[in-house]
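>>> Just the structure for this:
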Amino acid sequence: MKITLAKGLNAGLRKAMEDDPKVLIMGEDVGKLGGVFRITDGLQKDFGEDRVIDSPLAESGILGTAVGMAMRGYRPVCEIQFDGFVYPAYDQIVSQVAKLHFRSQGKVRMPMVIRIPFGGGIGAVEHHSESPEAQFAHTPGLKVVACSNPVDGYWMIQQAIASDDPVVFLEPKRQYHADKAELDESATPAPLFSSRVVRSGTDVTLLAYGPTVKTCLAAAEAAAREGRSLEVIDLRTLSPLDMGPVLESVRRTGRAITVHEAHVNLGMGAEVAARITEQCFYALESPVLRVGGFDTPYPPSRIEEDYLPDLDRVLDAVDRAMEF
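Below is the predicted model:
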């Protein structure tokens, strides 16, 4: 069966709700409408309004309610309609969700998933195309993951819901309906908090997650026509970072480039680059380079293609890495 990322997430949510009656979904327009991206389409009809809850337009209220539900043994899945809307709930996430397990000396678990469509590329207005992942990855007590393809979407959402820790679940919105992949529901999925090599290479390691995985794969394909071999790693998990495949790859290639849509300053690429430098210093043939958005607020949609990292900017970084 071939599915899109949107269908994979929908099917994964459905399976989790079928397997555990304590799983419920809440958010703005998630019920009758099925979500603005139709990720929860049909779930309220099949599971009822008590398990797929249309909330008021109040992100802080959504997360605050979910905290109480999680403390009472439920497994709430909260949808933040767009990435830029998460900030009204930031206090709840950082002050309550991330800390309650530690504050209670382990007596209170917080099994909650916070779904955030993130990134640009859909021609949206302000507050609809942001990449806030580093802010959550920097918060102790939160797990942060980012799916990049339909199969991962299906498995990773189920694994996140099954986790006893709060998980910020990032979904690349421009990939929701872009590509299809074959889903084998009998397969054994990779562990949730693990990175993965998605294309092997020998010259440069490209490190990406979410929407930029596709960008890096396209860059690797273009580079191959010029005789260069690029290895692409999908990080998948941002907190905790799974550095094993990353370090193994960089020790072979000697060169690494991080690629994400968020602006470069203090982004996830900086942390990955620091860890590579600490642990692979003598294997490096060039500095670890970073490709990302510019250090400005996300621009109007008519110029977003100039802001987002694309194939040319990735290949330019490859050229600079190879010149050392």
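>>> what's residue 84 in contact with, if anything?
126-130, 132 (CB atoms under 8 Å, 6 or more residues apart in numbering). Quick note: C-beta positions are derived from backbone N, CA and C, even for glycine.
>>> How about it: what's its closest non-neighbour residue?
Among residues not flanking residue 84 along the chain, residue 127 sits closest, at 3.1 Å (CB to CB, 6 or more residues apart in numbering).
>>> Next, give phi and psi for that neighbour.
Residue 127 adopts backbone torsions of phi 70, psi 10, taken as degrees, to the nearest 10.
>>> picking up where we left off before, if any of the contacts of residue 84 are buried, put those into a ChimeraX selection.
Applying 16 or more other CB atoms under 10 Å to the contacts of residue 84 leaves a buried subset, and the ChimeraX line that selects it is:
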select :128,129,130,132
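>>> quick one: the helices in the stretch 101-250 of the chain?
Here the stretch 101-250 of the chain has its helices, by DSSP state H, counting those that start in this stretch, at 133-137, 150-162, 212-224, 244-253.
>>> If we go by neighbour counts, what in the first one is buried?
With burial defined by 16+ other CB under 10 Å, the residues of helix 133-137 counted as buried are 133-137.
>>> What of the last one?
Within helix 244-253, the residues that qualify as buried are 245-247, 249-250, 253, counting by 16+ other CB under 10 Å.
>>> could I get those residues as a markdown table with distance to residue 210 and pLDDT?
As requested, these are exported to a markdown table (distance: CB to CB, whole Å; pLDDT from 0 to 100):
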| residue | distance to residue 210 | pLDDT |
| --- | --- | --- |
| 245 | 17 | 98 |
| 246 | 16 | 98 |
| 247 | 21 | 98 |
| 249 | 19 | 98 |
| 250 | 21 | 98 |
| 253 | 22 | 98 |
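>>> Among the contacts of residue 84, find me the one that's closest to residue 225.
The nearest member of these to residue 225, counting by CB to CB, is residue 129 at 31.1 Å.
>>> quick one: contacts for that closest one?
Residue 129 sits next to 83-84, 119-122, 298, 301, 304 when contact means CB under 8 Å, 6+ apart.
>>> and what of residue 245?
With CB under 8 Å, 6+ apart, residue 245 has these contacts: 195-197, 233.
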